[in-house]
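> got a predicted structure plus its sequence, pasted below:
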Amino acid sequence: MSRRTVIVGAGQAGARTAAALRKLDNTADITLLGEEQDLPYERPPLSKEVLNGGSPSKATLFPRTWYEEHRIALRTGVHVTGFDWRAKQISLAHGESLAYDDLVLATGVRPRPLIVPGATLDGVLTLRTIGDSTNLSARLTAGANVVVIGGGFLGLEIAATAIARHCAVTVLESSSTLLPRIFAGFLGQYLSDLHRTHQVDVRTGATVAALEGDTVVHAVRLGDGTLLAADVVVVAIGALANDELARAAGTECADGILVDAQARTSLPSVYAVGDVTRQRAHRLGESVRVESWENAELQAQIAASTIGGIAPAAAAAPWFWTDQYDCNIQMLGGRHADDIVVMRGDVTAPSWCAFFVADSTIRGAVLMNAGRERRNVKRLIDTQQRIDCAEMGDVGRPLSSLARN
């Protein structure tokens, strides 16, 4: 019999795992189960092209015919109620069960809820699914008062898109700066200034006491009593891992399914990939959950390689990106608070790079409208090549020459 792999979760990580497995094994029996009715899709376009009125198809990974041609049994609108790792059986709603040899959990995350009075009023939205994106897009009409609660990358991308749709936008962040945990807050002030330049009312240190309205939201009341008019409120305060299925089966979890470098969970023949995973050891620190497009891609390849008995590729520096207004911001690696910051260019210029250095090696970098440098910077980080800070900061010295040397 062909080896049977069942993947629970038909998002980017799940679909990419299926594709990687098929590439490695032409005879494997692969089933991909998703709760949503939509074909598997990527999430970055939801806060960009789709939110700005683009077709949801821009986010779709493969057409349905691709799954048929690659003999991947894609089942959408399916709810998995549990699994028995000893019997290697998965239970579905309505009493159906599936047998597996290898199980991959790609159950993703869900938006962290806002716990205040009025949080369930009409007009209070989150952004996670295609349906969320098209619903929010329809409400971003010119002149609408949009309040975004949460000053992370998702909230800021929503704010930038709402500005492009000619809305009046306020961003509320409870911390004293935007993105306090990203590169130790390095980008916080820069992004505050960027959004204020585009007429966004950015308020840090702001707490939400209540959302007000009868059946439809019309205002946000802050902790200091300030009342903000609101036609639309978008809650973007982080995410919670959908690890309940794994937890109920006895898998070791901690706000995410704990996995090793080979995407293996604590249970035999059970793997996990994507946003739901908490990696026991990672370049960004001990036990981290990495929610990013790249992580979904890489963990899918790792899980497929492990299942196929192939050693996965060596771990590389994590990569993130965000597009806001005319700025493309790319981030690689991480930063410790005591790292030396080496600037290549001036932050007032349209394009610049910042490097975070310790012991003459680069831990991480921010590339502002400098995506062409990503490959060279990634190589410098991955190889932990020792560098001269003066040369790194010299815009007259090509980074390619440093990476080559």
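Yep, it's here. Residues are numbered from 1 along each chain as shown.
> pull the helix or strand with minimum mean pLDDT from this structure.
Using mean pLDDT, DSSP states H and E, strand 285-288 stands out as the lowest-scoring helix or strand of the chain, at a mean of 73.
> tell me the first helix or strand C-terminal of it.
Next along the chain after strand 285-288, taking DSSP states H and E as the criterion, comes helix 293-307.
> return the distance of that following helix from the chain's centre.
On the basis of CA atoms, centre = their mean, to the nearest Å, helix 293-307 sits 15 Å off its chain's mean C-alpha point.
> in that helix, what counts as buried?
295-307 (16 or more other CB atoms under 10 Å). In short, each C-beta sits where N, CA and C put it, glycine included.
> same check, this time on stretch 131-150
For stretch 131-150, the neighbour count (16+ other CB under 10 Å) marks 132-134, 136-137, 139-140, 144-150 as buried.
> so of those residues, which ones are in strands?
145-149 (DSSP state E).
> now name the helix or strand holding residue 376.
With DSSP H and E as criterion, residue 376 is part of helix 374-382.
> which stretches of the protein form helices?
12-24, 64-69, 130-139, 153-164, 188-197, 244-248, 293-307, 374-382, 389-393, 399-404 (DSSP state H).
> may I see those helices arranged in a markdown table, with distance to residue 264 and mean pLDDT as well?
Listed next are the helices of the chain as a markdown table, based on distance: least, CB to CB, whole Å; pLDDT from 0 to 100:
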| stretch | distance to residue 264 | mean pLDDT |
| --- | --- | --- |
| helix 12-24 | 14 | 97 |
| helix 64-69 | 26 | 97 |
| helix 130-139 | 31 | 97 |
| helix 153-164 | 29 | 96 |
| helix 188-197 | 36 | 95 |
| helix 244-248 | 13 | 97 |
| helix 293-307 | 6 | 95 |
| helix 374-382 | 23 | 91 |
| helix 389-393 | 38 | 89 |
| helix 399-404 | 33 | 79 |
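> wait, which of those helices is closest to residue 361?
Proximity to residue 361, assessed across the helices of the chain by CB to CB, is greatest for helix 374-382 (8.1 Å).
> which helices and strands does that closest one pack with?
Counting contacts by 3 or more CB pairs under 8 Å, 6 or more residues apart in numbering; DSSP states H and E, helix 374-382 is packed against strand 327-333, strand 361-368, helix 399-404.
> touching that helix from outside, list them.
Residues outside helix 374-382 that contact it (CB atoms under 8 Å, 6 or more residues apart in numbering): 316-317, 319, 330, 332-333, 353, 355, 362-365, 367, 385, 387, 399-400, 402-403.
> now with 6 Å, please.
Contact with helix 374-382 is made by 316-317, 330, 332-333, 362, 365, 399-400, 403, as judged by CB atoms under 6 Å, 6 or more residues apart in numbering.
> over to stretch 215-226?
So stretch 215-226 is in contact with 121-124, 147, 206-207, 209-212, 227-230, 233, going by CB under 6 Å, 6+ apart.
> just the buried members of those?
Among these, those classed as buried by 16+ other CB under 10 Å are 121, 123-124, 147, 206, 209, 211-212, 228, 230, 233.
> before we move on, back to that, redo the helices and strands packed on helix 374-382 as a markdown table? Include mean neighbour count and distance to residue 243.
Below are those laid out as a markdown table (neighbours: other CB atoms under 10 Å; distance: least, CB to CB, whole Å):
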| stretch | mean neighbour count | distance to residue 243 |
| --- | --- | --- |
| strand 327-333 | 21 | 26 |
| strand 361-368 | 23 | 28 |
| helix 399-404 | 16 | 39 |
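> out of the contacts of helix 374-382, who's nearest residue 262?
Nearest to residue 262 among the contacts of helix 374-382, counting by CB to CB, is residue 316 at 15.1 Å.
> give me the spatial nearest neighbour of that closest one, chain neighbours excluded.
Once flanking residues are discounted, residue 316 sits nearest to residue 382: 5.2 Å by CB to CB, 6 or more residues apart in numbering.
> do the same with residue 119
Residue 119 sits nearest to residue 211 (CB to CB, 6+ apart), 6.0 Å away.
> can you check residue 153 too?
residue 322 (4.8 Å).
> end to end on stretch 164-178, go ahead and measure it.
Stretch 164-178 has an end-to-end distance of 21 Å (CA to CA, to the nearest Å).
> for the stretch 151-300 of the chain, give me the ranges with low pLDDT.
Along the stretch 151-300 of the chain, the model assigns pLDDT under 70 to residues 281-286.
> how about the strands of it, start to end?
Under the criterion DSSP state E, counting those that start in this stretch, the stretch 151-300 of the chain contains strands at 168-173, 201-204, 208-213, 217-222, 227-229, 232-235, 239-241, 257-259, 270-272, 277-282, 285-288.
> tally of neighbours for residue 97?
13 (other CB atoms under 10 Å).
> contact partners for it?
Taking CB under 6 Å, 6+ apart, we find residue 97 in contact with 89, 91.
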